[in-house]
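Engineer: quick one: sequence and predicted model below, then my questions.
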Amino acid sequence: MTFSDYVLFSIFYFWASSTALSIGIGYYTIYRPILAGLAAGLILNDVQTGMMAGAVVNIIYIDFVSTGGSFKGDQCLTALMAAVASIAFGLHPLEAAALAFPFGFLGILIWKYRLRINNTFVHMYEKKYKENKAPDISLYDGLFPQLLLLFMSSAVITAGLLLMFSFNRLINFKNISALYYIGLILVIFSSFNILYKIKNKYNFIIFAVVFLAAAITEIRAYIMLILIALILLFTSNKKINIVRNKLKGSIKKGDLVYSWFIWMNYSHSCYSYERLMGLAFAHSMKNIIKKLYKDKHEIAEAVHNHTEFFNTEPNMGTPILGYIISLEEERKISRESFENISYIKKGMMGISAGLGDSFTQVVLTPLFVSMAVMLCLDKSYNLAFIPVIYLAAYILFISYNGFMNGYFQGKDSMLKRVRNVKESRLKKYFPCMFSGILGLSMSSLLFNNIRPLENLFTLVIILLAAGLTFLRRRREQ
Amino acid sequence: MKKLFVRIDDRLLHGQVVVSWIPYLKATDVVIADDEYANDEFMRELIMSSSPEGVNVYIKTISETADFLKVDSENNVLVLLRTIEGLKELLKRVKIKNINIGGIGAAKGRKRYYNSIHLSDHELNILKDMAKENVNVEVRILPRDKALVIR
C-alpha cells in the first residue's frame, strides 16, 4: 500500500459513510460491503478479489438495520479492510472477513460521536442567528460537518489499515487456519439469524430447497436473477401516482428540483441528537425561501424556523418537503404564524419514518443488495451491477416523485403513499424471494470455494454453527 | 384490566413501538391519546392507514381515553401520548401506576435530558411531582434498555 492508496481509501470511506454528496443513494449502494469491496479492488487493482471479500462481508451484515436490532461494526469499514486483507495477504474471502470483523467496531466510533459533535454546529448556527448575523445554513449543515467527517473517517481507516499491516508483520495471518472457520461461523450465524427475523412459514423450506438444488444441479445465479425479475414484473404496482399541475407562483420547476437535490445530498449531513435532520430540512428550504422573500433578515428568519427538530426516512418522507413548500408559498400571502406548518411537519414525519424504514431498509435494500451478492459469489461479477443500479433508480424515483406529488397534490399524496406501501406486493413476497436468494448465495459460497464433504471438520463446524443459532433462537422464543 | 402501559413518545406509533414494544407487552389495543389528533381528520386517517396489523388502534381525546381505561377488559393496553401536559390531564381523570418516557424531541425551552429525550424545566417538575405521588416514572427507550427512574 502506497501513500496515495491510503488517501484514496480515506476519501472513499468518507464518501461512503457520510451518506451525503451521493444524491441520497450512497447509503444503499456504496456504503454496502459488496460495493465497498469493489472500490477497494479498484484501488488495489484486483476487482474480483475485492468484490468477493465484500460479498462475504455483506452476508455477515445482511441482517443489519440502522434502527436497531443486532448491532455489529461498521459494514463499509469491515468490507474495505477485508478486501485489503484478501488482496494484500492472499487470504480466502472467509478468512479476510473474519480478520476484518473486529476492525469494523472502530467504525462505530464515528457513528457514536458524530451525533454528539454535530450538536456543536447547531449551537454555532444558533449563536450567529441570535446575534442577528443571518448565518448561511449551508455552512452549518453542509461544509463544517462534512469536513469533520472527512477528518474522522480518514483517521479511522488509516489507523485500522496500519494496525492490520503491523499485526500481519508480527503474526502472519496466512498461517492462522482458525480464521477460516471463524469466517464460516460468522456467515452461518447471520444467514440463519435473518431467516428467523423475516417471519414467514416457508423461509427455511425455500432456503433448503434452493440450497440443495443449487448444490446438486449447479443452477447459475443469473437464472435466479431472471426468475426474480419476472416475479417483480408481475407483482409490481401498475398504478403509479404521478401528479404534476401547472406552476402559478414565483416557484419554478427548477427550484423544486434544486430543493429536492439539496435534501437528498444533505439529509444526514449534520445529523445531531438535538435536531436530527432539522438543519437539513432548513438547508433544503433555503433556495425556496430566497425566492419568496427579499430582505436578508426575513430570509434568515424563515430558514431558521425550519431548523427545529425533524426526523423521517429521507426517501419516503419527501411528500412532506413538497407539501411544506406549497404551504410556505401560501404563508407568504396569508402571513399566518409558523405554528401550523410546524404542527404538520411533526405530525407527518413520524408516520413516514416508520413506514420508510420498514420498506427501504428492511425490504428494498436487502432484496437487491443480496441479489448482487448472489451474482458475485457465483462469479458473475458484471451482472452484479444490475440489481444495484435498479435499486438506486428505484429509490431516486420514490423520493423525487414523492417530493413533486407532495407539492402539487398536498397531504393526500402522503396518505396514498402509506396505503401503497402497506399493500405492496413486493413487501409481501419479499421473504420468499429473499430466502431463495440466500439459499443460492450460501450454496455458491460453500460449494464453489470449498468442498465441505471432502473435509469432515468443515462440515462439523457448519452443522454446529447452524445448530447453535437454532438453539439460541428457540430459547428466545 | 390485564396490563396497562403508558408511554410518552411524540413519534407515537413508529418503528421502535411497533417492532419492539408491542410484541414485548403483548399489547392488543393501542390507544393514541391526543386531543389535537383526535380532532384532526387527516392525522386520524394517516395514523389509521399506517397502523400495524394484529392490534386495534384507537385515536381518542384525553377524556375519552380515561373513560376507555375505566372499562374493565381482558386486553393488554398500550397508551401513547405526545406530551407531558397530556399525561397530566390523563392522570387527573384516571389512576396510573407506571409511566414510561420513550421519546420527546427538542423544542424551544427544552434541554436534553437523556439520549433522545428533551424536557423543559416545567415538564421535568411535573414528572417529579408525579413521582412524589408514588407514580413510577421511568425513562426507557427500548424494552431491553436499563430504566432510568425519575425521582
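Structural biologist: Received, thanks. Residues are numbered from 1 along each chain as shown, chains lettered A, B, ... in the order given.

Engineer: buried ones in the helix or strand harbouring A:Pro319?
Structural biologist: Per DSSP states H and E: A:Pro319 is located in helix A:318-334. Residues of helix A:318-334 classed as buried: A:318-329, A:331 (neighbour count, 16 or more other Cβ atoms under 10 Å in any protein chain shown). Backbone N, C-alpha and C define where each C-beta goes, glycine included.

Engineer: tell me if I'm right that A:Val210 and A:Ser435 touch.
Structural biologist: Yes - checked against Cβ atoms under 8 Å, the pair A:Val210 and A:Ser435 is within contact range at 7.5 Å.

Engineer: tell me which of those two has more neighbours.
Structural biologist: Each of A:Val210 and A:Ser435 has its neighbours counted (other Cβ atoms under 10 Å in any protein chain shown); A:Ser435 has more, 25 against 21.

Engineer: now do the contacts for B:Phe91.
Structural biologist: Rather than Phe, residue B:91 is Leu. By Cβ atoms under 8 Å, 6 or more residues apart in numbering or on different chains, the contact list for B:Leu91 reads B:Met130, B:Val135.

Engineer: mean confidence score for the helix or strand harbouring it?
Structural biologist: For B:Leu91, the host element (DSSP H and E) is helix B:84-93. Helix B:84-93 carries an average pLDDT of 93.

Engineer: over to residue 108: give its phi and psi.
Structural biologist: Using chain A. Phi and psi for A:Ile108, reported as degrees, to the nearest 10, are phi -60, psi -30.

Engineer: please go with chain B instead
Structural biologist: The phi/psi pair for B:Lys108 (degrees, to the nearest 10) is phi -60, psi 130.

Engineer: count of residues packed around it?
Structural biologist: Around B:Lys108 there are 6 other residues, counting by other Cβ under 10 Å.

Engineer: do the same with the one 3 residues further on
Structural biologist: By the other Cβ under 10 Å criterion, the neighbourhood of B:Lys111 contains 11 residues.

Engineer: what does A:Trp15 give?
Structural biologist: A:Trp15 has 21 neighbours, counted by other Cβ under 10 Å.

Engineer: if I look at it, how far off is chain B?
Structural biologist: To chain B, A:Trp15 is 27 Å away according to Cβ to the nearest Cβ, to the nearest Å.

Engineer: the helix or strand where that residue lies - contacts with which helices or strands?
Structural biologist: Secondary-structure assignment from DSSP H and E places A:Trp15 in helix A:3-18. Secondary structure elements in contact with helix A:3-18, counted by 3 or more Cβ pairs under 8 Å, 6 or more residues apart in numbering or on different chains; DSSP states H and E, are helix A:33-43, helix A:75-88, helix A:144-170.

Engineer: what residues of whichever helix or strand comes after the shortest one count as buried?
Structural biologist: In the C-terminal direction, the helix or strand that comes right after helix A:33-43 (DSSP H and E) is helix A:47-60. With burial defined by 16+ other Cβ under 10 Å, the residues of helix A:47-60 counted as buried are A:47, A:49-60.

Engineer: got the angle for the helix or strand containing B:Val31 vs helix B:84-93?
Structural biologist: According to DSSP H and E, B:Val31 maps onto strand B:29-33. Orientation check (axes from the mean of the first three to the mean of the last three Cα atoms, to 10 degrees): strand B:29-33 against helix B:84-93 gives 110 degrees.

Engineer: could you point out the helix or strand that follows strand B:29-33?
Structural biologist: helix B:35-38.

Engineer: pretty sure A:Lys199 contacts A:Phe430?
Structural biologist: No - under the criterion of Cβ under 8 Å, A:Lys199 is not in contact with A:Phe430, lying 11.3 Å apart.

Engineer: more neighbours: those two, which one.
Structural biologist: More crowded of A:Lys199 and A:Phe430, by other Cβ under 10 Å: A:Phe430, with 20 against 8.

Engineer: how about the more buried one: what's its closest non-neighbour residue?
Structural biologist: Nearest residue to A:Phe430, sequence neighbours excluded (Cβ to Cβ, 6 or more residues apart in numbering or on different chains): A:Val363, at 4.9 Å.

Engineer: what parts of chain B come near chain A?
Structural biologist: Residues of chain B found near chain A (Cβ under 8 Å from any Cβ of the partner chain) are B:10-16, B:18-20, B:36-37, B:40, B:42-43, B:45-47, B:49-50, B:105-107, B:112, B:115-116, B:118, B:142.

Engineer: just the buried members of these?
Structural biologist: With neighbours counted by 16+ other Cβ under 10 Å, the residues of chain B next to chain A contain buried members at B:10-16, B:18-20, B:37, B:40, B:42-43, B:45-47, B:49-50, B:105-106, B:116, B:118.
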